[in-house]
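1. Fold the following for me, if possible:
(chains A and B)
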There are 2 protein chains.
Amino acid sequence: MQNFTFHNPTRILFGAGQIGGLSREIPQGARVLLTYGGGSIKANGVYDQVRRALEGFDIIEFGGIEPNPLFETLMKGVELARREEVDFLLAVGGGSVLDGTKFMAAAIPWQGGNEWDIVHRRMPPKTALPLGAVLTLPATGSESNSYAVITRAATKEKMSFGSPLLFPRFSVLDPETTFSLPSRQVANGVVDAFAHVAEQYLTYPAGAPLQDRFAEGILRTLVEEGPRTLAEPRDYDARANVMWCATAALNGFIGAGVPQDWATHAIGHELTALHGLDHAQTLAIILPNLLWVQRVPKREKLLQFAERVWDIREGTEGSRIEKGIIATRAFFEAMGSPTHLSAYAVGEDRFGEIVERLQARRALPLGERRDITEEKVLEILALAR
Amino acid sequence: MQNFTFHNPTRILFGAGQIGGLSREIPQGARVLLTYGGGSIKANGVYDQVRRALEGFDIIEFGGIEPNPLFETLMKGVELARREEVDFLLAVGGGSVLDGTKFMAAAIPWQGGNEWDIVHRRMPPKTALPLGAVLTLPATGSESNSYAVITRAATKEKMSFGSPLLFPRFSVLDPETTFSLPSRQVANGVVDAFAHVAEQYLTYPAGAPLQDRFAEGILRTLVEEGPRTLAEPRDYDARANVMWCATAALNGFIGAGVPQDWATHAIGHELTALHGLDHAQTLAIILPNLLWVQRVPKREKLLQFAERVWDIREGTEGSRIEKGIIATRAFFEAMGSPTHLSAYAVGEDRFGEIVERLQARRALPLGERRDITEEKVLEILALAR
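-> Next up is the predicted model:
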């Protein structure tokens, strides 16, 4: 096992009705900036629940945070928060709203000049406003980690950053808030959580069997519960289990002490930034092909994955690895997430640009062994056509 | 899944050499009370490593905390800490040293009269001194939770208490500090961690498959790695995995949202308080018999346990349950932990006293369904002869 530091101070309030306890989590007398996205929380009743729970607080609202939240949009919220002298941020939504709010928490008190440097140059904030979250879309794990991904429209850059100051103080996870999600968003959430686990698990053995089993436990549970959420949107336990899987996938626990990949995310971010695909759609396309291209260096873990996640025990090593990858692809497709670029009309002529952008920011080679070169990225994209 | 709150703010510093970073974790200028047990840390070099890492701090020492730490002993440390105006506690040792130090952290600033009330009447402390830990014996999980178990010699009472104020600020887990443990303590640690998982997992299904799989993952890993630590005491990865399993067993994660039992612990605490058995020895004796007596209410989980932890898939339901329990008992025995009271000369004539003491503190009936009555406790003890 590798050495590690694990620290996750976010308080999780999980279950139906937990929004009602919000006021106990926010400092008395706080001026709260309530952030949200496109307004689905107004249609499904979550907005009303939150406003009711916050009676007595000064609330300023900032809605309209888009999927793949834009620096340009968020800076408007930063200006508003500064003008209104806000001292607590409450994000109500999915990963995009949470990530955008994390950026704002760092940017509002920022004294270092251009706020984009927090993301682009990963300049660590020295201070940040405290934030809390009400999660309505299980997917990114942002509700229980200190990372965020922000996009700059002007340059079509989608980049991650993080700081220990950006752990939410608390996150409310009420599975009932997810009952009304469109099936595309449910699929995205399940694929995203699956890919998060894969990035931390499908690498090479590191003498860490507990982390492996936790990872396999999340994957098997997603495979079981994901289709149930599609078939029975109001099945509380299925929703609860997917929600808790998505948090466990990226709260730091399964990644502690083991190598990590994240090449699928790096390539996927370019597809989103350039071609507008949903984040999870890019993962469903890239992950199976990346696993195939990396089947030799990832051999031992792919065999373990085939056996323990997919119950594949028969056949040669090569065929078991292949079957495990095919099962993964079939799972994404069954959740409703296409696994080929052709579904989004992204042609071969666009592949060069992706590699150039990765090169420009010195991201290559990628992967847990830094062996995913320009050539391999092109091979992965070619297989993903 | 049941509603829950999960919050665990302890920072874990895991791996060889992490003791060297201690000074970064303790506030500059703190007057530190360094607590430890019977002196094994002086023999194995951990004491020297800690003192070296703390150069520049004012250090006051309080050694001699015994296994099943005594209120009477700990109050001497409380007096010392008050006299010396200590403002940080650093526990170096196993669960007993950590639990004793947690009591001291609450008792030193206690304004509520008799400090035993913190334990006996579970009066919540309003404040506590900050504490950190260097763990040298993986077992109790105390390094990453807010609970402690304290014994009062005068009344032979062994009782647990807890407070969110008592999470260690940090815990250093260096597997190399455990290389020199006697095999009895290794066995105790593995059995203790196994039993902690069992108390949270072997109850009834609660629609929480992820928590189940995490629990099963810890158990399987203990079954694999426990014997390796005995056979190869300096196998770093085996030590690391057992250490991380013990933390994961009781850091709150696998118990979030599911029913919990804890009857084995309640009965075991009486055996320790009255007859001086090691904590884990009582669990090795009680757990298999409790599972047998409770095989009907625990039926579904025992079948799942037999299949997923012990690979038992053949035979009738009754025989699979029985085989799972037999495998558990055999595992404890193989680790070197006897599973019968006769090994400790505790006779049948002493069983009545155990039940009377549980009754006196209104602890009965026990268990996740409150169905472990006086009669069942006696049946469990009779089977454990």
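
2. Every contact and neighbour count from this point should use C-alpha atoms.
-> Fine.

3. Name the SS class of the residue nearest in space to the middle of chain A, please.
-> Central residue of chain A (Cα atoms, centre = their mean): A:Thr140, 2.4 Å from the mean position. With DSSP: H, G, I helix; E, B strand; the rest coil as the basis, A:Thr140 sits in coil.

4. what residues are up against it?
-> Contact analysis of A:Thr140 by Cα atoms under 8 Å, 6 or more residues apart in numbering or on different chains lists A:94-95, A:189, A:192-193, A:246-247, A:250.

5. And the strands in chain A?
-> Ranges of strands in chain A, per DSSP state E, are A:4-14, A:31-35, A:58-62, A:88-93, A:131-135, A:147-152, A:157-162, A:170-173.

6. Comparing those by mean pLDDT, which bottoms out?
-> Lowest mean pLDDT within the strands of chain A: strand A:157-162, at a mean of 93.

7. pLDDT score assigned to the closest residue to A:Gly63 other than its chain neighbours?
-> Counting by Cα to Cα, 6 or more residues apart in numbering or on different chains, A:Gly63 lies nearest to A:Tyr36, which is 4.6 Å off, once chain neighbours are set aside. The predicted structure scores A:Tyr36 at 98 on the pLDDT scale.

8. Quick one: residues contacting A:Tyr36.
-> By Cα under 8 Å, 6+ apart, the neighbours of A:Tyr36 are A:62-65, A:91-93, A:97.

9. Dump those to CSV, plus distance to B:Arg82 and neighbour count.
-> Below are those laid out as CSV (distance: Cα to Cα, whole Å; neighbours: other Cα atoms under 10 Å in any protein chain shown):
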residue, distance to B:Arg82, neighbour count
A:Phe62, 50, 19
A:Gly63, 53, 16
A:Gly64, 55, 16
A:Ile65, 53, 23
A:Ala91, 44, 29
A:Val92, 46, 26
A:Gly93, 49, 26
A:Val97, 48, 31
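
10. can I get these in CSV with distance to A:Met335?
-> Shown next, in CSV, are the contacts of A:Tyr36 (distance: Cα to Cα, whole Å):
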residue, distance to A:Met335
A:Phe62, 33
A:Gly63, 29
A:Gly64, 28
A:Ile65, 26
A:Ala91, 27
A:Val92, 25
A:Gly93, 22
A:Val97, 24
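
11. right, and out of the residues you listed, which lies closest to B:Gln28?
-> Among the contacts of A:Tyr36, A:Ala91 lies closest to B:Gln28 (Cα to Cα), at 35.1 Å.

12. low pLDDT regions in the stretch 101-250 of chain A?
-> Residues of the stretch 101-250 of chain A meeting the criterion pLDDT under 70: none.

13. Show me which residues of it are close to chain B?
-> Counting by Cα under 8 Å from any Cα of the partner chain, the stretch 101-250 of chain A comes close to chain B at A:207-210, A:213-214, A:217-218, A:221, A:237, A:240-241, A:244-245.

14. ok, now with 7 Å
-> Contact residues, the stretch 101-250 of chain A versus chain B (Cα under 7 Å from any Cα of the partner chain): A:207-210, A:213-214, A:217-218, A:221, A:237, A:240-241.

15. follow-up on the earlier one: in helices only, show me the contacts of A:Thr140.
-> Judged by DSSP state H, helices contain the following of the contacts of A:Thr140: A:95, A:189, A:192-193, A:246-247.

16. any idea which of those has the most stuff around it?
-> The residue in the ones in helices among the contacts of A:Thr140 with the most neighbours, by other Cα atoms under 10 Å in any protein chain shown, is A:Ala246 (29 neighbours).

17. Could you report the separation of it from chain B?
-> To chain B, A:Ala246 is 11 Å away according to Cα to the nearest Cα, to the nearest Å.

18. Kindly report the same for A:Met335.
-> From A:Met335 over to chain B (counting by Cα to the nearest Cα), the distance is 20 Å.

19. Is that residue in contact with A:Ala187, as I believe?
-> Yes. The criterion here is Cα atoms under 7 Å, and A:Met335 meets it with A:Ala187 at 5.3 Å.

20. shared neighbours of these two, which are they?
-> Residues touching both A:Met335 and A:Ala187 (Cα atoms under 7 Å, 6 or more residues apart in numbering or on different chains): none.

21. Okay, helices next: where are they in the stretch 101-250 of chain A?
-> Applying DSSP state H, counting those that start in this stretch to the stretch 101-250 of chain A gives helices spanning A:116-120, A:183-201, A:209-231, A:236-249.

22. Send me stretch A:241-250 as PDB with only the CA atoms.
-> In PDB, the C-alpha atoms belonging to stretch A:241-250 read as follows (Å, rounded to 0.1, in the frame of the first residue of the first chain):
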ATOM      1  CA  ASN A 241     -28.100   3.400  -3.000                       C
ATOM      2  CA  VAL A 242     -27.100   5.100  -6.200                       C
ATOM      3  CA  MET A 243     -26.700   8.300  -4.300                       C
ATOM      4  CA  TRP A 244     -24.500   6.800  -1.600                       C
ATOM      5  CA  CYS A 245     -22.500   4.900  -4.300                       C
ATOM      6  CA  ALA A 246     -21.800   8.200  -6.100                       C
ATOM      7  CA  THR A 247     -20.500   9.800  -2.900                       C
ATOM      8  CA  ALA A 248     -18.400   6.800  -1.900                       C
ATOM      9  CA  ALA A 249     -16.900   6.700  -5.400                       C
ATOM     10  CA  LEU A 250     -15.200  10.100  -4.900                       C
END
